[in-house]
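1. Quick check, what structure comes out for this input:
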Amino acid sequence: MHENTLSGEGCREIQDFDHIHAVFSAAQGERPDRTVEYARPAATDPAPDSTQLYLSEIGYKPLLTAEQEVEYARAAVRGNEDCRNRMVEGNLRLVVRIATRYRWRGLSFLDVIEEGNLGLMHAVEKFDPERGFRFSTYSTWWIRHYIERGLMYQARMIRLPVHIAKELNVVKRAERDLMAVTCREPTVEEVAERTGRSPARVKWIMALNAGVYSIDAPISKEIDAPPLLQMLPEPTAPEPGNCHGREQLRERMSAWLRELPPRQRDVLLRRYGLEGHDVDTLERVGREVGLTRERTRQVQLEALRTLKRIVARDGLAVDVLQEYV
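-> Numbers count the residues shown, from 1 in each chain. Below is the predicted model of the structure:
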């Protein structure tokens, strides 16, 4: 049904998580008590990856203990900005881990992280340490909410209404869950049964998930890549195979016409504009060949009957004549 497969998105997510974990572990092992300072890259160095730099930087931020969470949260409630910032910095890695589940859904990884960070900051503002919950448990909901909202509003060239986008997320989540259980692409009926919707509704919702592409966008990242518009076929242009077929039919039509008596052939050529002649009326054709209008019509009918017999003799349907007569 769609591209999310166990060997695709699922494996990439596992690889990303392992890579992020390795970056965090390396950062903590090297300088756990310091904020990393970056030197300006040399001219010969490759361009630094912004995602890698961000992951390395937040890897040096120390995690908070449960006691520190309560202490900083209480101070944040009283308006202490430093404690509020410490809570945000201590949970940036949580945002990254949650953001890995939302890759390849229309936003870059850093954009997804940014939306999650907004949710984290909102969670810090709303968190009540006196209720006895860990901040990570509370903030996870807000982080996911902001990421999903960001995907709804920014991941599409044509934005869907919020209620439709939420319904699409429900259907896609059910599709992924079924794929994880059955190891195959689920059918529309299976997704409909799992979500409690009709198959027609599921099919309509999934149709809204189709991608939108700009015809002016390049087809690749190469500098001289042509735009998509240049690669699209002209709707009114004939297919190459059809052109070859028409040329062959035109040659056979000329051969068939040569088998007709001269008068019949002359009437058909002038009447239907064949072989360079203009389409003409029965009256004018009659004057040119020296016949009355009625006699010209009779000759035309005789010529058509003869031509159809010739076509049938060659094993073809008489429908091939419709393009000409």
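
2. for the chain, what helix or strand is lowest in average pLDDT?
-> When each helix and strand of the chain is scored by mean pLDDT, DSSP states H and E, helix 11-30 comes last, with a mean of 50.

3. Tell me the helix or strand right after that one.
-> helix 50-59 (DSSP states H and E).

4. quick one: average confidence on that following helix?
-> Averaging pLDDT along helix 50-59 gives 86.

5. Name the residues of it that come out as buried.
-> For helix 50-59, the buried set under the neighbour-count rule, 16 or more other CB atoms under 10 Å, comprises 51, 54-59. (Glycine included, C-beta is placed from N, CA and C.)

6. Quick check: the gap between residue 150 and residue 49.
-> Computed as CB to CB, to the nearest Å, the residue 150 to residue 49 distance reads 22 Å.

7. repeat for residue 76
-> Residue 76 is 33 Å from residue 49, by CB to CB.

8. Show me the protein divided up by domain.
-> 1-37+48-155, 159-211, 240-323 (automatic domain parsing).

9. on that earlier part again, looking at residue 76 and residue 49, which has the bigger crowd around it?
-> residue 76 (21 against 10; other CB atoms under 10 Å).

10. give me every residue that touches the residue lying closest to that one once chain neighbours are set aside.
-> Spatial nearest neighbour of residue 76, excluding adjacent residues (CB to CB, 6 or more residues apart in numbering): residue 84 at 4.2 Å. Residue 84 sits next to 72, 75-76, 124-125 when contact means CB atoms under 8 Å, 6 or more residues apart in numbering.

11. same thing with residue 289?
-> 263, 266-267, 270, 296.

12. Of those residues - the most surrounded one?
-> That'd be residue 267 among the contacts of residue 289, by other CB under 10 Å, with 29 neighbours.

13. Was I right to think it contacts residue 299?
-> Yes: if you go by CB atoms under 8 Å, residue 267 and residue 299 touch, sitting 4.9 Å apart.

14. residues near residue 299, how many?
-> 22.

15. So for it, what's the pLDDT?
-> 89.

16. cool, residue 43 as well?
-> 41.

17. what residues are up against residue 85?
-> Residue 85 touches nothing, counting by CB under 8 Å, 6+ apart.

18. gap between it and residue 132?
-> 24 Å.

19. Then residue 264?
-> 102 Å.

20. Residue 317 too?
-> Taken as CB to CB, the span from residue 317 to residue 132 is 84 Å.

21. Ok, residue 113 next?
-> 29 Å.

22. Repeat that for residue 168.
-> In terms of CB to CB, residue 168 sits 36 Å off from residue 132.

23. Which one's more surrounded, those two?
-> residue 168 (16 against 7).

24. how about the more buried one, phi and psi?
-> phi -60, psi -40 (degrees, to the nearest 10).

25. And the strand or helix carrying residue 180, what does it pack against?
-> Take DSSP H and E as the rule and residue 180 turns out to sit in helix 162-182. Contacts defined by 3 or more CB pairs under 8 Å, 6 or more residues apart in numbering; DSSP states H and E place helix 162-182 against helix 135-154, helix 188-195, helix 199-207.

26. Format the domains of the chain as TSV; extra columns: distance to residue 221.
-> Compiled in TSV, the domains of the chain are given as follows (distance: least, CB to CB, whole Å):
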stretch	distance to residue 221
domain 1-37+48-155	14
domain 159-211	17
domain 240-323	30
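
27. still on that earlier bit, what would the helices and strands packed on helix 162-182 look like in JSON lines with mean neighbour count, mean pLDDT and distance to residue 174?
-> Compiled in JSON lines, the helices and strands packed on helix 162-182 are given as follows (neighbours: other CB atoms under 10 Å; pLDDT from 0 to 100; distance: least, CB to CB, whole Å):
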{"stretch": "helix 135-154", "mean neighbour count": "18", "mean pLDDT": "90", "distance to residue 174": "15"}
{"stretch": "helix 188-195", "mean neighbour count": "18", "mean pLDDT": "94", "distance to residue 174": "4"}
{"stretch": "helix 199-207", "mean neighbour count": "15", "mean pLDDT": "93", "distance to residue 174": "9"}
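
28. can you tell me which of these comes nearest to residue 218?
-> Proximity to residue 218, assessed across the helices and strands packed on helix 162-182 by CB to CB, is greatest for helix 135-154 (21.6 Å).

29. CA atoms only for the closest one, dumped as CSV, please.
-> C-alpha atoms of helix 135-154 as CSV (Å, rounded to 0.1, in the frame of the first residue of the first chain):
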residue,chain,number,x,y,z
PHE,A,135,9.4,14.9,33.9
SER,A,136,10.4,12.6,31.0
THR,A,137,7.0,10.8,31.3
TYR,A,138,5.1,14.0,31.3
SER,A,139,7.1,15.8,28.5
THR,A,140,7.0,12.8,26.1
TRP,A,141,3.3,13.6,25.3
TRP,A,142,4.0,17.2,24.6
ILE,A,143,7.0,16.5,22.5
ARG,A,144,5.1,14.0,20.4
HIS,A,145,2.1,16.4,20.2
TYR,A,146,4.3,19.3,18.8
ILE,A,147,6.1,17.0,16.3
GLU,A,148,2.8,15.6,15.0
ARG,A,149,1.3,19.1,14.8
GLY,A,150,4.4,20.3,12.9
LEU,A,151,4.1,17.5,10.5
MET,A,152,0.4,18.3,9.9
TYR,A,153,1.1,22.0,9.2
GLN,A,154,4.5,21.9,7.4
